[in-house]
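Student: Curious how this folds, go ahead:
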Amino acid sequence: MKTVIVDDEPLARRRLRRLLREQPAVEVVAECGDGLSAVEAVRIHQPELLFLDIEMPELGGFEVLERLTGDHVPAVVFVTAYNEHAVRAFEVNAMDYLLKPFHEERFRQCLARVRSRIPSAAPEGELQGLRSVLADLKAAQSGRLVVRNGPRTTLLRISEIDWVEAEGNYLVVHAGPDRHILRSALADLATKLPAAQFARIHRSTVVNLERIKEVESVAQGEYIVVLRDGTRLPSGRSYRASLEALLGVG
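Tutor: Got it, this is the predicted structure:
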């Protein structure tokens, strides 16, 4: 299995190389310390597997993926210092990920997963999924949420969101008079929203704290959160403590 290692930290590359050397039928064909050389290495060596760091100077992992085009696309394993909440947002689309610092057992689990999936994987399809998720993450970092509806894509400012409710496999994003439908899990969307501005008040509800007008205490230690437009949202009992801490009530 031809493999390319991409990381701007020499020690990180050395450790991955050592771990891969211990694995049968794995050949490290290139090591790259920057994104530009990574793109070139994939073009020249056409590896089956790419260990890719996210944060690198000049050309990061996001940009490397954007430049990988053509008939040959390797399976991708992220090697990243991102926290676990951010990783969850693209975990489904990546072959796997290694969260720095990782243990050798986690590495072995990762490689076992790669071996089991590569023969039947459709790399180009997986890469398209990665590009989509990474684009969403980059948009969220710039203060926007990507909402796709058929051929139409809307860039919604996160600051415009009033509250979000889960309905089955979909989310309804309320922004003023507009309602946007997303096919996503509420937990995944929560990773893209600023924790200081948004809070989960119910298993099916996330609210923009700046839109809250008042909080009403009701029976059995629960609350009704009243927004400035008059919307009334029940708060789940299990979210009581976190809501009180955020709002300074209780």
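Student: pLDDT below threshold where in the chain?
Tutor: 69-72, 82-94, 119-142, 149-151, 221, 247, 249-250 (pLDDT under 70).
Student: Which parts of it belong to which domain?
Tutor: Domain ranges of the chain: 2-140, 143-247, per automatic domain parsing.
Student: Compile those into TSV and extend it with columns for mean neighbour count.
Tutor: Heads up, the C-betas are built off the backbone N, CA and C, glycines and all. Converted to TSV, the domains of the chain look like this (neighbours: other CB atoms under 10 Å):
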stretch	mean neighbour count
domain 2-140	17
domain 143-247	15
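Student: Show the contacting residues for Ser204.
Tutor: By CB atoms under 8 Å, 6 or more residues apart in numbering, the contact set of Ser204 is Glu165, Ala166, Glu167, Leu186.
Student: In a strand, the first one, correct?
Tutor: Yes. The assignment for Glu165, made by DSSP: H, G, I helix; E, B strand; the rest coil, places it in a strand.
Student: I'd like to know how far it sits from Leu50.
Tutor: Per CB to CB, to the nearest Å, Glu165 is found 38 Å from Leu50.
Student: cool, the second one as well?
Tutor: Distance of Ala166 to Leu50, computed by CB to CB: 35 Å.
Student: Is it correct that Ser116 falls within a helix?
Tutor: Yes. Judged by three-state DSSP, Ser116 forms part of a helix.
Student: Can you tell me how far it is from Asp96?
Tutor: Shown here: Ser116 relative to Asp96, a distance of 11 Å by CB to CB.
Student: what do you get for Val28?
Tutor: As judged by CB to CB, Val28 and Asp96 stand 17 Å apart.
Student: can you check Arg203 too?
Tutor: Relative to Asp96, Arg203 is positioned 28 Å away (CB to CB).
Student: How about Ala245?
Tutor: 35 Å.
Student: With Ala241 instead?
Tutor: Distance, Ala241 to Asp96, by CB to CB: 35 Å.
Student: Ser184 contacts Val173, doesn't it?
Tutor: No. Judged on CB atoms under 8 Å, Ser184 makes no contact with Val173 at a distance of 9.7 Å.
Student: Tell me the bridge partners for Ile224.
Tutor: Ile224 has these beta-bridge partners by DSSP bridges: Glu216, Pro234.
Student: show me what contacts it?
Tutor: Ile224 touches Val215, Glu216, Val218, Arg232, Leu233, Pro234, Ser235, counting by CB under 8 Å, 6+ apart.
Student: The residues you listed into TSV, with extra columns for distance to Phe78?
Tutor: Shown next, in TSV, are these (distance: CB to CB, whole Å):
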residue	distance to Phe78
Val215	40
Glu216	44
Val218	44
Arg232	42
Leu233	36
Pro234	38
Ser235	35
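Student: from the residues you listed, which two are the most distant?
Tutor: Longest distance between any two of those is 12.0 Å, between Val218 and Leu233; criterion CB to CB.
Student: For Gly143, list the residues it contacts.
Tutor: Counting by CB under 8 Å, 6+ apart, Gly143 makes contact with Arg157, Ile158, Ser159.
Student: Out of the residues you listed, list just those in strands.
Tutor: When these are checked against strands (DSSP state E), the matches are Arg157.
Student: nearest to Ala199, of the contacts of Gly143?
Tutor: Closest to Ala199 out of the contacts of Gly143 is Ile158 (13.9 Å), distances taken as CB to CB.
Student: isn't that closest one right up against Leu193?
Tutor: Yes. The pair Ile158 / Leu193 is scored as a contact, 6.4 Å apart, by CB under 8 Å.
Student: for Asp162, phi and psi?
Tutor: Main-chain torsions, Asp162, degrees, to the nearest 10: phi -90, psi -50.
Student: Identify the residues contacting it.
Tutor: His174, Ala175, Gly176, Val207, Asn208, Arg211, Leu227, Asp229, Thr231.
Student: quick revisit: quick check: the farthest pair among the contacts of Ser204?
Tutor: Greatest spatial distance among these (CB to CB): Glu167 and Leu186, at 10.1 Å.
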